[in-house]
Structure formats: structure tokens, C-alpha cells
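Q: Provided below are the primary sequence and the corresponding predicted coordinates.
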Amino acid sequence: MSDTPKPDDVMEDSTAPLIEHLTELRSRIIKSVLAFIIGMVILFPFAENILSFLAQPMVDIMRARGEDPGLFYDAPQDAFFAYVKIAVVFGFALVSPYIGFQMWRFVAPGLYKEERGAFLPFLVASPLLFIAGGSFAYWVVMPLAMNFFLGFSGVVPMVTSALGIGADTAGTVGDAAGTAAQDNGFRVFYFGSIKSYLALTIKFIVAFGVTFQLPVLLTLMGKAGLVSAAGLGSVRKYAVVAILVLAAIVTPPDVITQSILFVVVYGLYEVSIILVRMVEKKREEQLRADGYYDDEDLEGDLDQDMPEDPLFKEFEEDE
């Protein structure tokens, strides 16, 4: 009797590992979603304090200008959904290390020991760089942006008074009031909504947090052999254009924040080239240690490829 397995048995054996992987993936996703919900529930009671923290750059600028800071909402549900949005964003940030750990536990068994050792530092560096980018946006970019935007508020003089238009209407309202209105003009002031300010602040923090991931992304691509330091250096001028476009998209239309983002991202790009070069050097040293790359073999290949010198040949025949 033959022991050769039937085709159905072979198919069942091949699908068994796939089912196990899908089951584990479902378990990791469920744990991550539960952690996200728990983080959102934990931070929702502190959403008002987080909003106060996020509004601090705007509050400081308005108080320095002698104005009363404040945010309004024009729909009954706007404040509630603003707090929910804060809980969602910062709740995810709170549990992101745990979610990253679940992703790592799913991917790590399929990696070699050297690959796990190479990938783990980037998994740790990624959230740290995101925190650094968000902190840079909050402490540096937001005050500059708020100072720039709120600098357009103030008293706007009336052009009609300078042209002599509206002199008759001043008397109908009252000579004193009409003269004061013509002299002082009208006031332009910031009366921001909680929804628009929160969207702007989160956009700043997320944009800078994501752009600070550039060294991690390019270094991982360098380890995988997808990019090289020489290649990144050769496309530097195209990278400058791409960074300028990125700065114009993710930041509001003012030169200050766009310039800051460009300088920061371009600096990270240069840092990435240095890191990729270090990765290539380490890879070359490992290849030399493993015997895959030998200078003597390379020199021998070069000698074989070089044309033979007639003078050197004649010297050998005389000897």
C-alpha cells in the first residue's frame, strides 16, 4: 500500500499554516483595537485639559497683544466632538507602543535573528522621532505661526473718511460717534472656532511627526538595498523640489512655517544619507568578515583584466 499523500491531504497541510497566521493576525488586531478603545476612554476625561494645553500658544500671543483669548463653537455638538477627536488622536498615541509591539510579535517569527536585531532599533526610534517632531511643532512652529496669523488683527482705518465719503452719515448717527468711527475705523479680531483651531493644531503636530520619520524610512530602505547613499545624493536637487511641495501642502500658506518645515526636512534628508552610508559601510565590513568580499581577489581580477605590459614581459624573459 502506497504512503504517498493524496492531493487533498497536501492541500490541507499547505492551508493549515495560512489559517494559523490569519488566526494570529485576527488576535493581534483585536488586541490592538481593544487597546485603542481603552486609551480613548482613559483620555476622554482629560480632553479639556489637553485642549487647554494645545491652545496655549494662541492664548499667549493674544494676551501679549492685549486681547482676550477664547474659542467658540457654533453648533451644540461641536465641543463634544472636539473632545472626542482629542481622545481619539491622543488615545492612539498613548497606546501606539502596544500596537507596535503587537505588530512586532506577528512579524518577528518570520524574520531571521539578524533581521530582528536590525529591525528592532527602528521600531523603538520611530515613536521617539514622532514625539520629537510633534514637540518641535508645538514649541517652535505653533508660536511662530500664531504670531504671524494673529498679526493681521487690529483696527483697520476707514478709506471712505480719507476720501470725504460718508461725511453726511456721520451727522445722522451723532457728530461725536460719527467722528470716532471715521477716525478709528473698524476692528478686525480673531474669533476662532474650537473645531478649526483643533484641526490646525493637530495638522501641525501630525505633519511634523510624520516628516521626522524620514531617517527611519530611508535607513530601512538602505538596509533592504532599495536605496544607496550615492543614489540619494545624486537626486538631491529633486528631493529639494519634493520637500518644497510637501511644505506647501502640509503647512498653512505662510512663508515662515513653510521655510521651517523645509529646513527641518532637508536636514533630515542629509542625516538619512549619512545613516545609509553607515549602513553600507557596516554591510561591507560584514561581507569582508564572511569572506564574500576580498580585496586580494578584487586585485587579482583587476590584474587579469589589465593588458600585459611588453616591457615587464621582456624583463621576465631576461631573468
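A: Great, that's in hand.

Q: poorly predicted segments of the protein, please.
A: In the predicted model, the chain carries pLDDT under 70 at residues 1-16, 114-115, 117-118, 154-186, 251-254, 292-319.

Q: walk me through the domains of it.
A: Annotated domains of the chain cover 14-110, 129-150+197-291, 154-188 [automatic domain parsing].

Q: tell me, how many residues neighbour the closest residue to Ile99 other than its chain neighbours?
A: Counting by C-beta to C-beta, 6 or more residues apart in numbering, Ile99 lies nearest to Ser32, which is 4.6 Å off, once chain neighbours are set aside. Bear in mind the C-beta positions are built from the backbone N, C-alpha and C, glycine included. Ser32 has 18 neighbouring residues, counting by other C-beta atoms under 10 Å.

Q: so which elements touch the helix or strand hosting Ser32?
A: Element membership of Ser32 [criterion: DSSP states H and E] is helix 7-43. Judged by 3 or more C-beta pairs under 8 Å, 6 or more residues apart in numbering; DSSP states H and E, helix 7-43 is in contact with helix 78-107.

Q: so what's Asp78 up against?
A: 193-195 (C-beta atoms under 8 Å, 6 or more residues apart in numbering).

Q: hmm, try it at 6 Å
A: For Asp78, the contact set (C-beta atoms under 6 Å, 6 or more residues apart in numbering) comprises Lys195.

Q: and it, how far from Lys85?
A: 10 Å (C-beta to C-beta, to the nearest Å).

Q: can you tell me what sits against stretch 125-136?
A: So stretch 125-136 is contacted by 205, 208-209, 212-213, 216 (C-beta under 6 Å, 6+ apart).

Q: for that stretch, C-alpha coordinates in CSV please.
A: Output in CSV follows, covering the C-alpha atoms of stretch 125-136 (Å, rounded to 0.1, in the frame of the first residue of the first chain):
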residue,chain,number,x,y,z
ALA,A,125,13.2,55.0,17.2
SER,A,126,10.0,55.6,15.2
PRO,A,127,7.8,56.8,18.1
LEU,A,128,10.6,58.8,19.7
LEU,A,129,11.1,60.6,16.4
PHE,A,130,7.4,61.2,16.1
ILE,A,131,7.3,62.7,19.6
ALA,A,132,10.3,64.9,18.7
GLY,A,133,8.5,66.1,15.6
GLY,A,134,5.3,66.9,17.4
SER,A,135,7.2,68.7,20.2
PHE,A,136,9.1,70.7,17.6
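
Q: in it, which residues are buried?
A: Buried residues in stretch 125-136, counting neighbours by 16 or more other C-beta atoms under 10 Å, are found at 126, 129-130, 133-134, 136.

Q: in a markdown table, list the residues you listed along with secondary structure and distance to Val227.
A: Putting the buried residues of stretch 125-136 into a markdown table (DSSP: H, G, I helix; E, B strand; the rest coil; distance: C-beta to C-beta, whole Å) gives the following:
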| residue | secondary structure | distance to Val227 |
| --- | --- | --- |
| Ser126 | helix | 18 |
| Leu129 | helix | 18 |
| Phe130 | helix | 22 |
| Gly133 | helix | 21 |
| Gly134 | helix | 26 |
| Phe136 | helix | 25 |
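
Q: what are the ranges of the helices in the stretch 151-300 of the chain?
A: 159-162, 167-173, 175-184, 194-211, 214-223, 229-234, 236-250, 255-290, 295-305 (DSSP state H, counting those that start in this stretch).
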